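Undergrad: My questions are about this predicted structure, shown below with the sequence.
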Amino acid sequence: MSQPLFVGIDVAKDTVEVACSDASSHSFTNNEAGHAKLLRWLARKSITLIVLEATGGYEQACAVALAAAGLPVSVLNPRQARDFARAMGKLAKTDRIDAAVLAEFAAVLHARGHQPRPLASMEQRELAALVARRRQLVVMLVAERQRLGVAHSRAKPSIQAVIELLLKQLADIDDDLQRTLKERHADLSGLLQSVKGVGPTTASTLIAELPELGLLTRKQITSLVGLAPLNRDSGTLRGQRHIFGGRASVRRVLYVAALVATRFNPAIKDCYTRLVAAGKPKKVALVACMRKLLITLNAIARTKTPWRKDFASA
């Protein structure tokens, strides 16, 4: 019986370094022609799992090509891979070493029952690009407005002109997002926005950056986003539970949605009021509301059922 074969791929801007658990390795260019050669090279092998690091978008085309060929591929947070490398005593860092470490990591993940999740569809990636651009525009707009408050009078016209341009770009992106939601994600967007507190920005971010919504259990989805309280206990020490890691961009929109929901959504409002009355700090209560809201949205996406007052989010 053949041994399982694991593949690690280290992706850079121009190159793709590949290492296999059978000690074979190869380097390819990070473009369409290089990906085609990579697929032909991998076609001769019976692969159990391929692992890539997320590298600021450079990995996307390669991961999509591998998934389209029917290969089992997972894209992981680079911090996970680096922590694993340190734990294995691999302190040196080159593309070839990183690829070999990823192949080892793939074997460990497989042994722990890891299953590759579906990659975002083309429509989701397109929506994600719009969501990311909107977020960038908002950051730039905030920065320019802060500069305007302390700028010299000679510099203010320039800053004001940039602000006006950013506002126009932001309006254009919002229109594009609304149109994209209506044309390609109308059903899911409508379901998510049936929850009071969830608007187009929250819905578009969830659809684009949380494609697992509706596919995971409540524990899995809260852990993935970073809203599951983590234990901080050791020996006789019993520490406070804190949230950590996960998808910060998703948490940010859930924070705003939960803030609105504490005023207008009966279920979230009751949860927030009860926790504050029990002596919980307001921030802790709001995080709990974010978690409850996410669980509800996950159930809605799974059941394809709009929100209602007696909705069971379990």
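TA: Okay, I see it.

Undergrad: hey, let's count contacts and neighbours off CA atoms from now on
TA: OK.

Undergrad: same for the helix or strand harbouring R134, what does it pack against?
TA: Remark: R134 resides in helix 122-150, with elements defined by DSSP states H and E. Judged by 3 or more CA pairs under 8 Å, 6 or more residues apart in numbering; DSSP states H and E, the packing partners of helix 122-150 are helix 156-184, helix 200-209.

Undergrad: can you list contacts of the helix or strand containing L293?
TA: Assigned by DSSP H and E, L293 belongs to helix 282-303. With CA atoms under 8 Å, 6 or more residues apart in numbering as the test, helix 282-303 has contacts from 188, 191-192, 195, 213-216, 218, 221-222, 227-228, 254-255, 257-259, 262, 268, 271-272, 275-276, 306-307, 312-314.

Undergrad: now do stretch 119-129
TA: Under CA under 8 Å, 6+ apart, the answer for stretch 119-129 is V64, A67, L177, T180, R184, S204, T205, I207, A208, E209, P211.

Undergrad: ok, the last one - how many residues close by?
TA: Meaning P211. Other residues near P211 come to 17 when the count uses other CA atoms under 10 Å.

Undergrad: With L91 instead?
TA: 11.

Undergrad: Let me know the distance separating I295 from R274.
TA: In this view, I295 and R274 are 18 Å apart by CA to CA, to the nearest Å.

Undergrad: What score does the nearest residue to S189 once chain neighbours are set aside have for pLDDT?
TA: Among residues not flanking S189 along the chain, A203 sits closest, at 5.8 Å (CA to CA, 6 or more residues apart in numbering). With respect to pLDDT, A203 scores 94.

Undergrad: residue contacts, A203?
TA: Per CA under 8 Å, 6+ apart, neighbours of A203: S189, L192, Q193.

Undergrad: The first one touches L181, doesn't it?
TA: Yes. Here S189 reaches L181: they are 6.6 Å apart, a contact under CA atoms under 8 Å.

Undergrad: can you list residues touching both of those two?
TA: Joint contacts of S189 and L181 (CA under 8 Å, 6+ apart) are S204.

Undergrad: ok, back up a step: return a ChimeraX selection command for the buried portion of the contacts of helix 282-303.
TA: Buried subset of the contacts of helix 282-303, written as a ChimeraX selection, criterion 16 or more other CA atoms under 10 Å:
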select :188,191,192,195,213,214,218,221,222,227,228,254,255,257,258,259,262,268,271,272,275,306,307
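
Undergrad: how close does L76 sit to T222?
TA: Counting by CA to CA, the gap from L76 to T222 is 17 Å.

Undergrad: got it, and D175?
TA: 30 Å.

Undergrad: A36 too?
TA: 37 Å.

Undergrad: Show me where the stretch 101-250 of the chain dips below the pLDDT cut-off.
TA: Applying pLDDT under 70 to the stretch 101-250 of the chain flags residues 230-244.
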